[in-house]
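J.: Following is a predicted model, sequence given first.
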Amino acid sequence: MAAFLSLLYVVLSGVALPVGGIQMQYLWRNQLGDVYSLGLGSAACLGAAAATMSGWCSLTVGSFLCTLAATAICFFVTLAVDTRKLITFGILFGTFIGSLGTIVVTNAPTGELMRKYYLWGAANFRLEEVTDGDIVFSLVLFALGMAAALWLARDLTRHNAGEIEFSPFKKALTLLMIMCLVTSCVSICGPIGFISLGIPNLSQVIRPGGDIRRHYWISSAMGVGLLAITYIIVNYANFGIYLPVSATMAILALPLMAILFVKGKA
């Protein structure tokens, strides 16, 4: 059962994070947009850290509540800040939230709690300290996020092309659903870098612009493939050291980044 759940979240993360990333890029018409660029990923980590250290709620609930608060802040900022400046705000906001997370973790009541948090943050899909309730809640969040991604696909495509402008309500709804996708994975598996930014950009190199649903499929296939390869390496290749998924993926993704830069100059 544990092995099945690990593989399930490899697939879910490989889909949710790239889909959330491409939605961010289409929503803000900016290829630097991803699920971490507005601090949502950092907020999910902060919530998980607070839940782990205090025991006041489960990992998923802590991540959800903290990310919901960060999403609300981001939404109100979008009403006042030019889109071109939004990514800068997101980087600063994410750094601030990450700093809060560092304070929470470094003040852990015991070394064992700190160890558990860092093992969770290594994102090796071992689902430590994850309850059945966490699993059910995360699956519900994933289903909501994916259903909204498909429902909003046509409007996001037109918005990205400049044919329409999203109303504040629709921006808020889109951010909320992206938040569901982020929380459904990060709260269970820890932060997973690259695939929410690099994979959507690579998808747009392969097939620039167009219907966002096409990028859902391309990004999901590449995200699951890259994450599955990384998962196999870190769990079954014996190098004599502990390899976190996120760090290992960054190394494996270097050739993909080279493709992005070469294509960008072509």
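T.: Looks like it arrived, so ask away. Only a predicted model underlies this, so the values are computations on that prediction, with no experimental measurement involved.
J.: Please look at residue 165 and residue 159 and confirm they touch.
T.: Yes - with contact defined as C-beta atoms under 8 Å, residue 165 reaches residue 159; the gap is 6.8 Å. From N, CA and C alone the C-beta is placed, and that goes for glycine too.
J.: Just give me the longest helix of the chain.
T.: helix 2-28 (DSSP state H).
J.: Tell me the helices and strands packed up against that helix.
T.: With contacts taken as 3 or more C-beta pairs under 8 Å, 6 or more residues apart in numbering; DSSP states H and E, helix 2-28 sits against helix 83-106, helix 132-151, helix 153-160, helix 168-189, helix 198-206, helix 212-236.
J.: Residue 165 and residue 159: which is more packed in?
T.: residue 159 (21 against 9; other C-beta atoms under 10 Å).
J.: can you pull the contacts of the more buried one?
T.: When contacts are counted by C-beta atoms under 8 Å, 6 or more residues apart in numbering, residue 159 touches 26, 27, 29, 165, 166.
J.: rewinding a little: columns mean pLDDT on top of the helices and strands packed on helix 2-28, output as TSV?
T.: Output for these, formatted as TSV (pLDDT from 0 to 100):
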stretch	mean pLDDT
helix 83-106	81
helix 132-151	91
helix 153-160	94
helix 168-189	83
helix 198-206	87
helix 212-236	92
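J.: Out of these, which gets nearest to residue 63?
T.: In terms of C-beta to C-beta, the element of the helices and strands packed on helix 2-28 nearest to residue 63 is helix 168-189, at 3.4 Å.
J.: Wait, residue 75 touches residue 172, no?
T.: Yes - the criterion here is C-beta under 8 Å, and residue 75 meets it with residue 172 at 4.8 Å.
J.: Where does the prediction get shaky in the stretch 1-150 of the chain?
T.: 59, 81-84, 121, 123, 129 (pLDDT under 70).
J.: For burial, what's the neighbour tally of residue 245?
T.: 25.
J.: wait, residue 18
T.: Residue 18, neighbours per other C-beta under 10 Å, totals 33.
J.: Name the nearest residue to it, ignoring sequence neighbours.
T.: Excluding the flanking residues, the one nearest residue 18 by C-beta to C-beta, 6 or more residues apart in numbering is residue 219, at 3.6 Å.
J.: now residue 57
T.: Closest to residue 57 by C-beta to C-beta, 6+ apart is residue 51, at 5.2 Å.
J.: That neighbour: which element?
T.: With elements taken from DSSP states H and E, the one containing residue 51 is helix 40-54.
J.: how far is that helix from where the chain is centred?
T.: Centre-to-centre, helix 40-54 and its host chain are 14 Å apart (C-alpha atoms, centre = their mean, to the nearest Å).
J.: repeat for stretch 108-127
T.: 19 Å.
J.: Over to stretch 151-170?
T.: 21 Å.
J.: Give me the buried positions along that stretch.
T.: 152, 153, 155, 156, 157, 158, 159, 160, 166, 170 (16 or more other C-beta atoms under 10 Å).
J.: what's the answer for stretch 168-184, then?
T.: In stretch 168-184, counting by 16+ other C-beta under 10 Å, buried: 170-184.
J.: Would you mind pulling the contact partners of it?
T.: Taking C-beta under 8 Å, 6+ apart as the rule, stretch 168-184 contacts 12, 16-17, 19-20, 23-24, 27, 35, 38, 40-41, 44, 60, 63-64, 67-68, 71, 74-75, 78-79, 138-139, 141-142, 144-146, 148-149, 152, 155-156, 166.
J.: Drop anything exposed from those.
T.: Applying 16+ other C-beta under 10 Å to the contacts of stretch 168-184, the neighbour count classes 12, 16-17, 19-20, 23-24, 27, 35, 38, 40-41, 44, 60, 63-64, 67-68, 71, 74-75, 78, 138, 141-142, 144-146, 148-149, 152, 155-156, 166 as buried.
J.: what's the burial count for the nearest residue to residue 101 once chain neighbours are set aside?
T.: Once flanking residues are discounted, residue 101 sits nearest to residue 46: 4.2 Å by C-beta to C-beta, 6+ apart. A count of neighbours around residue 46, defined by other C-beta under 10 Å, yields 26.
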